[in-house]
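Asker: Everything below, folded, please.
(chains A and B)
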2 protein chains.
Amino acid sequence: MIPTLDDIRAAARLIDGVVLKTPFLPAPRLSELTGAEVFVKYENLQATSSFKERGALVKLSSLSAAERDRGVIAMSAGNHAQAVAYHAQRLKIPATIVMPRHTPFVKVAATRGFGAEVVLEGDTLADSQTAVERIMAETGATLVHPYDDPKVIAGQGTIGLEILAENVDLDAVIVPVGGGGLISGIAIAVKTLAPDVAMIGVETEFYPSMWAALRDLPAKCGGDSLAEGIAVKNCGALALEVVRRHVDDVLLVPERAIEQAVAEYLARQKTMAEGAGAAGLAALLANPDRFRGRRVGLILAGGNIDPRLAASIMVRELAREQRIVAVRVFINDRPGVLADIARIIGEQGGNILEVLHHRTMLTVPAKGAIVDVTFETRGADHAVEIIGALSDGDYRVEQLDPPAHGA
Amino acid sequence: MIPTLDDIRAAARLIDGVVLKTPFLPAPRLSELTGAEVFVKYENLQATSSFKERGALVKLSSLSAAERDRGVIAMSAGNHAQAVAYHAQRLKIPATIVMPRHTPFVKVAATRGFGAEVVLEGDTLADSQTAVERIMAETGATLVHPYDDPKVIAGQGTIGLEILAENVDLDAVIVPVGGGGLISGIAIAVKTLAPDVAMIGVETEFYPSMWAALRDLPAKCGGDSLAEGIAVKNCGALALEVVRRHVDDVLLVPERAIEQAVAEYLARQKTMAEGAGAAGLAALLANPDRFRGRRVGLILAGGNIDPRLAASIMVRELAREQRIVAVRVFINDRPGVLADIARIIGEQGGNILEVLHHRTMLTVPAKGAIVDVTFETRGADHAVEIIGALSDGDYRVEQLDPPAHGA
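Answerer: I've put the predicted structure just below:
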């Protein structure tokens, strides 16, 4: 049963004062970057750092007293797990979360921290399905599906109402698509109340499940996506029906655009987006002509990214901008050479970060050596100047390539 | 002349629709961390990522037509520079920004990007003062002071009005203190309308200028603070007067608390704070007993932190939590030993990040060698397990110490 606008309005009343009405704000520096007029809905500011609480809370609140006593179960290693655990604890409903066995401990601990029982079983989410069915049979627990449920879709749809309430006269709303619960809820609200606003979905090209389903094609899914929150092989049946009716287009974005989007959210907008959460911005970056000059609302769906991954993305972006540059210098291995190289780089205003001095590589003469130097620059032009100065100092220099986006 | 509540209300009308009314929201994960009930005012979401636009715009708007024609000048390498440049450009007022000669190019470029003329002169901000005076004499430009100006203070005070409008019944507002413009504006608004709310200032212990001035002591300032935005040697005369009257206390926080606060904002609240912007959270972390159970508003004053520094802070925090651990293993230098070490770590669930194999250090026997291995763990307990397994494998193992906060 597809939820209606009234269902979404009821959901909004139900979550009012419990789930955060997140800000929806202009992002001028992202506008400057993309050429569109960008507004961002900050769902990463929710208590568990994603929009998933909306649907989870609506579903939990719909249960009868008897159902609450028997508890709920969900299968998720990500944002849905935390959202269900957090609100089940608030409502004193016992919650069991099934995760694949090799789920990173941090995610297990976060979910246990909200009082849920975590069952680690199976090698993938699909394998965990049997554990879910067994536990449901044993305990009579109710499944809280992450997307293919009308209550959940109605909950996610409250985002659409909140956006429209801001009266910013949008041309388009761009929404990450995994199972499709988020976009279908928002699309019902937006297309009922403001049919002229374009509804655009985004998937990573590694998992084009909705894109393929719309075309009645089999989806070729796979790969270690940065956007694991939307790395879903089978989109929801309800969602597919809503998307066919209410969504104007589903775009596929390359992983490198997702990585850049995470980096730009941090550098320009001072906010942390997980890969899936940044997919909307990735769509703008990958399709600048399509959205130039248009007023676009992005759903920053979640911010749960591993800190080490976020740190690495920030530094890789500096490498791409050549604000961090690595060069290999071929030298005669005599005293004073390293000092000379360091002097040249310093005089040019480069700031040395790392030095590696090799002597045993067969690619250099027996009496030669290699120095790999990583330094900070003011940008690509400055990098060229510094490398030029090293060449003028009669060193053979090779720039070590920065990684490509998504590489 | 100290601004009044009416001046602040006039400032609020003036900036309405131009400067962002930033969100002021509960931050449950920071509450869990600190024991206080935390609310955050996200000034890092402004177009130039700090609160400085408020005061700058009020000052610029107060200029006569003749003054506008002659242009404005400011001395800043930071947020004030970008704020003045951004709004001067909007108002078509020529702007000159004087910065010390060695200002990082990124900051110069950001300010030039807003159409300002940047003059690089002097070795420190104090040295740049002479350049400012010379240019003022030559051009008749009006100085936009970063804090010691009633218009600027009135502008910053609009934050106080916005916070009070949210009706969250706060016990205290905690504000970073550099020159004191921000806290004095907010304090006038808050103490006039809600005198029971405690006003607390925060300085880095490296620059206790307001703290010392309140006690008529000379301030011992110096050191390379993470919070360069509040690393101010002389607080403003107007600010000092307001703070004496309206501020309950000024706290000094250690650099290690500022570093942790930046890391916690990123990890828990998914938002990027610069060191100065995170000082309020640092005060909560450094004084947990004082604020436990109290409803506290934090001003996240700005988010302009160097991406490389932010990345490094995130990774250092993981090292402190022992989620990244480095060990030194002393080995006999024979084939297969490295494989054995890698096997043990892998079997224990550790994820190897980096390996350095040394052979020429004099601290090991001639036929021995050292392997430094950095790996990811699930936390401190897991680190102990992995190190124990290496010891059981008959290796001599030393854990390489994680850096202390602020070290």
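Asker: Backbone dihedrals for the most centrally placed residue in chain A, both of them.
Answerer: Note on chain A: the residue nearest the mean C-alpha position is residue A:275, at 1.9 Å, using CA atoms, centre = their mean. Phi and psi for residue A:275, reported as degrees, to the nearest 10, are phi -50, psi -50.
Asker: list the contacts for it?
Answerer: Contacts for residue A:275 (CB atoms under 8 Å, 6 or more residues apart in numbering or on different chains) come out as A:204, A:225, A:226, A:227, A:228, A:229, A:258, A:259, A:262, A:305. Heads up, the C-betas are built off the backbone N, CA and C, glycines and all.
Asker: And for residue A:347?
Answerer: Residues near residue A:347 by CB under 8 Å, 6+ apart: residue A:389.
Asker: where's residue A:225, which helix or strand?
Answerer: According to DSSP states H and E, residue A:225 maps onto no helix or strand at all.
Asker: where does the stretch 201-350 of chain A have low pLDDT?
Answerer: Across the stretch 201-350 of chain A, nothing is flagged by pLDDT under 70.
Asker: Show me which residues of it sit near chain B.
Answerer: Applying CB under 8 Å from any CB of the partner chain, we find that the stretch 201-350 of chain A lies next to chain B at A:266-267, A:269-273, A:303-304, A:307-308, A:310-312, A:314-315, A:317-318, A:323-324.
Asker: Residue A:184 and residue B:96, how far apart?
Answerer: 54 Å (CB to CB, to the nearest Å).
Asker: the more surrounded of those two?
Answerer: A count of neighbours by other CB atoms under 10 Å in any protein chain shown puts residue A:184 above the other of residue A:184 and residue B:96, at 35 against 22.
Asker: Thought residue A:245 was touching that one, still the case?
Answerer: No: look at residue A:184 against residue A:245 with CB atoms under 8 Å: they stay out of range, at 9.2 Å.
Asker: Please tell me how far the closest residue to residue A:203 other than its chain neighbours sits from chain B.
Answerer: The shortest distance from residue A:203 to any non-neighbouring residue, by CB to CB, 6 or more residues apart in numbering or on different chains, is to residue A:177 (5.0 Å). Separation of residue A:177 from chain B (CB to the nearest CB, to the nearest Å) stands at 21 Å.
Asker: ok, how many other residues are close to residue A:177?
Answerer: When counting by other CB under 10 Å, one arrives at 31 neighbours for residue A:177.
Asker: tell me the pLDDT at it?
Answerer: What the model reports for residue A:177 is a pLDDT of 98.
Asker: gap between it and residue A:279?
Answerer: Distance, residue A:177 to residue A:279, using CB to CB: 8 Å.
Asker: overlap in contacts of the two?
Answerer: Common contact partners of residue A:177 and residue A:279 (CB under 8 Å, 6+ apart): A:202, A:203, A:230.
Asker: dump the residue contacts of the last one.
Answerer: By CB under 8 Å, 6+ apart, the residues touching residue A:230 are A:176, A:177, A:178, A:202, A:203, A:204, A:207, A:276, A:279.
Asker: Ok, the second one next?
Answerer: Residue A:203 makes contacts with A:176, A:177, A:178, A:209, A:210, A:211, A:230, A:250, A:251, A:252, A:253, A:279, as judged by CB under 8 Å, 6+ apart.
Asker: hmm, back to that, out of the residues of the stretch 201-350 of chain A next to chain B, which end up buried?
Answerer: Among those, the ones that count as buried by 16 or more other CB atoms under 10 Å in any protein chain shown are A:266-267, A:269-273, A:303-304, A:307-308, A:310-311, A:314-315, A:317-318, A:323-324.
Asker: Tabulate the CA atom coordinates of the helix or strand hosting residue A:267 in PDB.
Answerer: For residue A:267, the host element (DSSP H and E) is helix A:255-269. Coordinates of each C-alpha in helix A:255-269 appear next as PDB, following Å, rounded to 0.1, in the frame of the first residue of the first chain:
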ATOM      1  CA  GLU A 255      32.600   6.800  -7.500                       C
ATOM      2  CA  ARG A 256      35.100   9.600  -8.200                       C
ATOM      3  CA  ALA A 257      32.300  12.100  -8.100                       C
ATOM      4  CA  ILE A 258      31.100  10.700  -4.800                       C
ATOM      5  CA  GLU A 259      34.600  11.000  -3.400                       C
ATOM      6  CA  GLN A 260      34.900  14.600  -4.600                       C
ATOM      7  CA  ALA A 261      31.500  15.400  -3.100                       C
ATOM      8  CA  VAL A 262      32.500  14.200   0.300                       C
ATOM      9  CA  ALA A 263      35.600  16.300   0.100                       C
ATOM     10  CA  GLU A 264      33.800  19.400  -1.100                       C
ATOM     11  CA  TYR A 265      31.200  19.200   1.700                       C
ATOM     12  CA  LEU A 266      34.000  19.100   4.200                       C
ATOM     13  CA  ALA A 267      36.200  21.800   2.600                       C
ATOM     14  CA  ARG A 268      33.500  24.300   1.500                       C
ATOM     15  CA  GLN A 269      30.400  23.600   3.600                       C
END
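Asker: For the helix or strand following it, name the packing helices and strands.
Answerer: As assigned by DSSP H and E, the chain's next helix or strand after helix A:255-269 is helix A:279-286. Using 3 or more CB pairs under 8 Å, 6 or more residues apart in numbering or on different chains; DSSP states H and E, the elements in contact with helix A:279-286 are helix A:28-34, strand A:172-176, strand A:198-204, strand A:249-253, helix A:255-269, strand A:295-300.
Asker: Now render these as JSON lines, adding distance to residue A:285.
Answerer: Below are those laid out as JSON lines (distance: least, CB to CB, whole Å):
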{"stretch": "helix A:28-34", "distance to residue A:285": "6"}
{"stretch": "strand A:172-176", "distance to residue A:285": "11"}
{"stretch": "strand A:198-204", "distance to residue A:285": "11"}
{"stretch": "strand A:249-253", "distance to residue A:285": "8"}
{"stretch": "helix A:255-269", "distance to residue A:285": "5"}
{"stretch": "strand A:295-300", "distance to residue A:285": "11"}
